[in-house]
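Engineer: Fold the following.
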Amino acid sequence: MTTVLLLIVSYLLGSIPAGLWIGKIFFKKNLHEFGSGNTGTTNTFRILGKKAGLVVFFFDLLKGTVAVLLPSLFHNTALPVLVFGLCAVLGHTFSIFDHFHGGKAVATSAGVLLGYNPLFLLLLVVVFVIMLYLFSMISLSSISAAIVALVGVAIFPAFSFILHHYDLIFTLIVLALATIIISRHASNISRIRKHVESVVPWGLNLSKQHKI
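Structural biologist: Just a heads-up that it's a prediction; the model follows:
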């Protein structure tokens with residue numbers, strides 16, 4: 001029973017649509033009606049500003065981290081902790097508080113990795129920052145980090161680099177998280193191909209997308 005309750009709590013925690021609620025309460029704006037219509041960190045930055053964006057980013061990040069830590073707090077070992085993290089990501093992506101809409105799972109997935117393997121996350125952050133500098137796109141940086149995560153769980157253990165052994169559960173969860181992130185960026189991938197994806201005012205914008 002405790003395990004089921006913790007899974008539900010993890011999902012509900014992930015479901016909290018911080019960007020949507022902050023926009024409505026403090027800015028009288030529904031993020032679904034502005035920009036990309038997404039309620040995650042990137043659209044919050046664009047529509048509500050840096051302060052609100054940072055609050056949403058850290059909140060969404062911590063949703064994943066707290067979900068991973070919950071089983072340990074209650075001394076529950078019935079399931080791998082990453083399963084609870086995945087529930088939080090599913091909640092974030094398909095929020096029961098937002099008609100099963102949600103964000104693109106990047107920050108919350110990062111939070112899951114922060115709670116389970118911070119060093120692996122650090123590598124992905126480096127990849128994210130490098131890609132952001134080169135191409136100035138949050139979307140492409142997120143997709144690239146997801147791809148590197150997939151490659152990492154497949155290859156790194158063979159060389160004992162960051163991951164020292166193959167972990168089936170970790171591999172499956174990373175596969176699930178990466179699949180969610182990449183699939184949620186389908187429209188961004190289409191815009192990137194057409195060179196009309198939004199970019200941030202930083203970096204080289206090597207693919208010459210149109211700036212916002």
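Engineer: looking at this protein, which helix or strand is least sure?
Structural biologist: helix 41-48 (a mean of 92; mean pLDDT, DSSP states H and E).
Engineer: what does it contact?
Structural biologist: In this structure, residues lying in contact with helix 41-48 by Cβ atoms under 8 Å, 6 or more residues apart in numbering are 19, 22-23, 27, 29, 31, 34-37, 52-53, 56-57, 60, 103-104, 106-107, 138-139, 198, 212. All C-beta spots, glycine's among them, are computed from the backbone N, C-alpha and C.
Engineer: Relative to the whole chain's centre, how far out is whatever helix or strand comes next after that helix?
Structural biologist: Sequence-wise, the next helix or strand downstream of helix 41-48 (DSSP states H and E) is helix 50-73. Put simply, helix 50-73 sits 10 Å off its chain's centre (Cα atoms, centre = their mean, to the nearest Å).
Engineer: Next: stretch 106-126.
Structural biologist: 9 Å.
Engineer: my guess is Val199 meets Ser139, correct?
Structural biologist: No: counting by Cβ atoms under 8 Å, Ser139 is not a contact partner of Val199; they are 9.4 Å apart.
Engineer: Find the nearest non-adjacent residue to the residue positioned nearest the centre of the chain, please.
Structural biologist: Of all residues in the chain, the one closest to the mean position by Cα atoms, centre = their mean is Val106, 1.5 Å from it. Closest residue to Val106 apart from its sequence neighbours, by Cβ to Cβ, 6 or more residues apart in numbering: Ser142 at 4.7 Å.
Engineer: Tell me which helix or strand the one you found sits in.
Structural biologist: Ser142 belongs to helix 138-159, assigned by DSSP H and E.
Engineer: where along the protein do the helices fall?
Structural biologist: 2-15, 18-26, 41-48, 50-73, 81-93, 106-116, 118-135, 138-159, 168-184, 186-193 (DSSP state H).
Engineer: In the first one, which residues are buried?
Structural biologist: Buried residues in helix 2-15, counting neighbours by 16 or more other Cβ atoms under 10 Å, are found at Leu6, Leu7, Val9, Ser10, Tyr11, Leu12, Leu13, Gly14, Ser15.
Engineer: which residue packs closest to the third one, ignoring adjacent ones?
Structural biologist: Once its chain neighbours are removed from consideration, Val9 has its nearest residue in Leu70; the separation is 6.7 Å (Cβ to Cβ, 6+ apart).
Engineer: ok, the one you found - contacts?
Structural biologist: By Cβ under 8 Å, 6+ apart, the neighbours of Leu70 are Leu6, Val9, Ser10, Asn76, Val81, Phe84.
Engineer: same deal with Ser207?
Structural biologist: Contacts of Ser207 (Cβ under 8 Å, 6+ apart): Phe135, Met137, Ile192, His195.
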